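Asks: structure for the following, please:
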Amino acid sequence: MADPAILIIGAGPAGLTAGIYASRAGHETMIMERELVGGQVAKTALVENYPGFSRPVEAMNLVQEMAEQARRFGCQLVTAEVQGFAIEQSPASGIAVMTTTGRIVPRALIIATGTTPRRLGVAGEERFVGRGVSYCAICDGPLFRDKEVAVVGGGDSALEEADYLTRFCSRVFLIHRRDEFRAAKTVVDRVKQNEKITFLLSRVVTGIDGQTRLEKLDVKDLKTGKTDVLPVAGLFIYVGLLPNTGFCKEIIERDEAGFIKTDPEMRTNVPGIFAAGDVRQKRVRQIATAVGDGAIAGMMAHEYLQTIR
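Replies: As a prediction, the model looks like this:
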């Protein structure tokens, strides 16, 4: 395959948007994705909070429209996995990217590889992903209106999302393996005042079960050793995010959690390499923010190429 001027790694909302902007600016652009177009969004059934849609939109339809828009502007989408890359002798020479389909040398690179939710690793978890098991309350919470759900975790995200879920759900069980939360005191205080949240502390989920959808959890009390069955319609897991940055850790500056550090214009520590979306160090990780990052990264890559002509 011919080397593109701009290579984008990852075909989630950030990568697809970057592709739209980069190719629309007149550059030969390639988006490389190892799995499904859409990234984590493609693993969600419905999206209710993306601007411009008054009713829930099917997640796959949303990202397919983004992909088709990128193709319309001439962006090439390919299936392959990046294994690593190296910087060529001069910026104008580009970046040598090693992939499962061969070596590619673009002149600019946008990393939009997103994150992978940390799994609990218990029986039934993978089986019920998208059928009761979720990793995003903002995305899926409204689907559980007037139902009882559980949240696992003890950090800011777990408590904030448990509080958010009470807008829709009749009861939220907050399960944490310790007696104390890791979240900020202000967050803990607010959640403790929410009468729709029931705390199940010093407990862990040991099993997830149901027929076609999640129906119940096995919850073990770490102090007594007793396991109880908790009937719920949904389980929201917040035990951390794993950024997909292993392939670039030797070159790109990351924070202690592995997320890529950028400036407000999506530039990394290496000239010509940008990062966008959930993979970069940021507070809010949503489709809308990923799209914004992608638009900036696409335009900044365009401006970068103008400087090295």
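Asks: so for Glu148, what's the nearest residue that isn't a sequence neighbour?
Replies: Distance criterion Cβ to Cβ, 6 or more residues apart in numbering; nearest residue to Glu148, sequence neighbours excluded, is Arg171 at 4.3 Å. To be clear about C-beta, it is placed using only N, CA and C from the backbone, and glycine gets the same treatment.
Asks: neighbours of that neighbour, how many?
Replies: Per other Cβ atoms under 10 Å, the neighbour tally for Arg171 reads 16.
Asks: now do the same contact list for it.
Replies: Neighbouring residues of Arg171 by Cβ atoms under 8 Å, 6 or more residues apart in numbering: 148-149, 196, 198.
Asks: run the last query once more with 10 Å
Replies: Taking Cβ atoms under 10 Å, 6 or more residues apart in numbering, we find Arg171 in contact with 146-150, 165, 195-198, 232.
Asks: spatially, which two of those residues are the most separated?
Replies: Largest separation among the contacts of Arg171 by Cβ to Cβ: Glu195 and Val232, giving 17.9 Å.
Asks: who has more neighbours, these two?
Replies: Higher neighbour count among Glu195 and Val232: Val232, with 24 against 8, using other Cβ under 10 Å.
Asks: quick check, the more buried one in contact with Leu217.
Replies: Yes - using Cβ atoms under 10 Å, Val232 is in contact with Leu217, at 6.1 Å.
Asks: mind giving me the PyMOL command for buried ones among the contacts of Arg171?
Replies: The PyMOL selection below is limited to those of these classed as buried (16 or more other Cβ atoms under 10 Å):
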select buried, resi 148+149+150+165+197+232
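Asks: what is the nearest of the contacts of Arg171 to Val97?
Replies: Nearest to Val97 among the contacts of Arg171, with distances taken as Cβ to Cβ, is Leu165, at 40.8 Å.
Asks: my read: the closest one touches Ala137, true?
Replies: Yes - counting by Cβ under 10 Å, Leu165 touches Ala137, with 5.2 Å between them.
Asks: got any residues that touch both of these two?
Replies: Residues touching both Leu165 and Ala137 (Cβ under 10 Å, 6+ apart) are 144, 149, 151, 172, 234, 236.
Asks: between all of the residues you listed, which two are at the greatest distance?
Replies: Maximum distance among these (Cβ to Cβ): 11.3 Å, for Phe144 and Val151.
Asks: between the two, which is the more surrounded one?
Replies: Higher neighbour count among Phe144 and Val151: Val151, with 30 against 21, using other Cβ under 10 Å.
Asks: mind saving the C-alpha coords of the one helix or strand that one maps to as CSV?
Replies: In this structure, Val151 sits in strand 148-152 according to DSSP states H and E. Below are the C-alpha coordinates for strand 148-152, written out as CSV (Å, rounded to 0.1, in the frame of the first residue of the first chain):
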residue,chain,number,x,y,z
GLU,A,148,-32.2,-1.7,40.0
VAL,A,149,-28.6,-1.8,39.0
ALA,A,150,-25.2,-2.2,40.7
VAL,A,151,-21.9,-0.2,40.4
VAL,A,152,-18.5,-1.7,41.2
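Asks: how about the strands of the stretch 101-250 of the chain, start to end?
Replies: Ranges of strands within the stretch 101-250 of the chain are 102-104, 108-111, 115-117, 133-134, 148-152, 171-176, 197-201, 203-210, 214-221, 227-231, 234-237, 241-243, based on DSSP state E, counting those that start in this stretch.
Asks: quick one: which of those is nearest Ala297?
Replies: strand 108-111 (4.9 Å).
Asks: so what are the domain limits for the chain?
Replies: Residue ranges for the domains of the chain, per automatic domain parsing: 6-116+241-307, 133-237.
Asks: give me whichever of those is most buried.
Replies: Greatest average neighbour count among those goes to domain 6-116+241-307 (a mean of 20), per mean count of other Cβ atoms under 10 Å.
Asks: tell me the mean pLDDT for it?
Replies: Computed over domain 6-116+241-307, the mean pLDDT rounds to 92.
Asks: residue numbering should commence at 236 henceforth.
Replies: Yep, numbering from 236; the last one is domain 241-351+476-542 now.
Asks: how far does it sit from the chain's center?
Replies: 12 Å (Cα atoms, centre = their mean, to the nearest Å).
Asks: same question for stretch 475-490.
Replies: How far stretch 475-490 lies from its chain's middle: 14 Å, per Cα atoms, centre = their mean.
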